[in-house]
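Student: Can you look at this prediction? I've put the sequence above it.
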Amino acid sequence: MEDQEGKMSLVRLRLDLAYDGGGFHGWARQPGLRTVQGCIEHALSLITGVRRSQGGIVHRQVVWEPRLVVAGRTDTGVHASHQVAHLDIPEAVLEACRGHMGVDCASALERRLRHLLPADIVLLGLRLAPTGFDARFSALERTYLYRVSQGGQPGDPRMRGYVLDLEGSLDLQAMNEAAAECIGLHDFGSFARPNPGGTTIRKVLAAHWDQVPTVNLFGADPGRSAVGYLPSFMESGLTVFRIVADAFAHNMVRSLVAACIQVGQGRRSVQWFADKVAHPLREGSTGPIDARGLTLEHVAYPPDDQLAERAQAIRARRTL
């Protein structure tokens, strides 16, 4: 379908996703490698019945190629319990997804996509995006968690792909003193590298280390606790870092975690960490830690009537 000027009429969809990053070479599509974006876009190609041509994808005389735009491009091995992306799709292609289903087009595509995605990607939802929505630029903040098992205690093997095991104990007070240095608008050049033409200036809203208490999975109901063993949550006893920022530069969270752990192990001081924040310089002592402990947990957006304004503002190159 084309508009009066002969241009393709596109519809924007919002996709909410979760995935186990252990089997992927990150989010971004890469030739010859299994990535989250590549798997989803391949499934979309199969669903829409498209065939590739030199100029893109042809569907009933419409040249189009599914391309997802994501809130945060996770690295190799990084997980997401709630990632957000958007897709611009021609109206004619979306309409064809309905087939004989007695549902709207977006719901039909959602059903078909869930059926084709691999087990380590879960489609949490798919719907028409509100006007002005951009999965990347409209986002207000992202929340990441990094999970650590410390003290040399045997870890739960069911969590081995999502938790970093460390020998010895960590000084959480010192780590939180260091993490507090991150809060506010800073150039995190000591802990990240910018994309071409980009910047490492970010605004961190919260950063804190906590010890997860051992919590009964079924609560404190006397009727349940009277008889039998009551299991605890699988995360009980873990040490978890939570960081919230308007955006993150490449490797930023994992590098901050690595630096905090050096402080917690007594190998570096809080002042060293503060100096790295104050004087952005990328060097060997602030490289990224193992990806397995990191999960993108949440992406927040403003009210619908503020989406376009937010996207326009965040596109501007930042300075201190």
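Tutor: Nice, thanks for sending it over.
Student: What residues does residue 184 make contact with?
Tutor: Residue 184 makes contact with 203, 204 under the criterion Cβ atoms under 8 Å, 6 or more residues apart in numbering. C-beta here means a position set from N, CA and C on the backbone, and glycine is covered the same way.
Student: give me the low-pLDDT residue ranges for the stretch 151-300 of the chain?
Tutor: Applying pLDDT under 70 to the stretch 151-300 of the chain flags the ranges 221-227.
Student: now do the same end-to-end measure for stretch 309-320.
Tutor: 21 Å (Cα to Cα, to the nearest Å).
Student: Mind listing what's buried along it?
Tutor: For stretch 309-320, the neighbour count (16 or more other Cβ atoms under 10 Å) marks 310, 311, 314 as buried.
Student: do the same with stretch 115-130
Tutor: So, applying 16+ other Cβ under 10 Å, buried residues of stretch 115-130: 117, 120, 121, 123, 126, 129.
Student: Burial check on the closest residue in space to residue 293 that isn't next to it in sequence, number of neighbours?
Tutor: Spatial nearest neighbour of residue 293, chain neighbours left out: residue 164 (4.0 Å); criterion: Cβ to Cβ, 6 or more residues apart in numbering. Residue 164 has 21 neighbouring residues, counting by other Cβ atoms under 10 Å.
Student: check contacts around residue 164.
Tutor: Residues near residue 164 by Cβ under 8 Å, 6+ apart: 146, 147, 148, 149, 289, 290, 292, 293.
Student: from the residues you listed, which single one is nearest residue 194?
Tutor: Nearest to residue 194 out of those is residue 289 (Cβ to Cβ; 19.9 Å).
Student: so where does that closest one fall, helix or strand?
Tutor: Using DSSP states H and E, residue 289 sits in no helix or strand.
Student: Same question for residue 13.
Tutor: Counting by DSSP H and E, residue 13 is part of strand 10-19.
Student: For the stretch 1-150 of the chain, give me the ranges with low pLDDT.
Tutor: Ranges of the stretch 1-150 of the chain meeting pLDDT under 70: 1-7, 50-63.
Student: now the strands: where do they sit in it?
Tutor: Along the stretch 1-150 of the chain, counting by DSSP state E, counting those that start in this stretch, strands occupy 10-19, 51-53, 56-59, 62-63, 68-70, 79-90, 121-128, 141-149.
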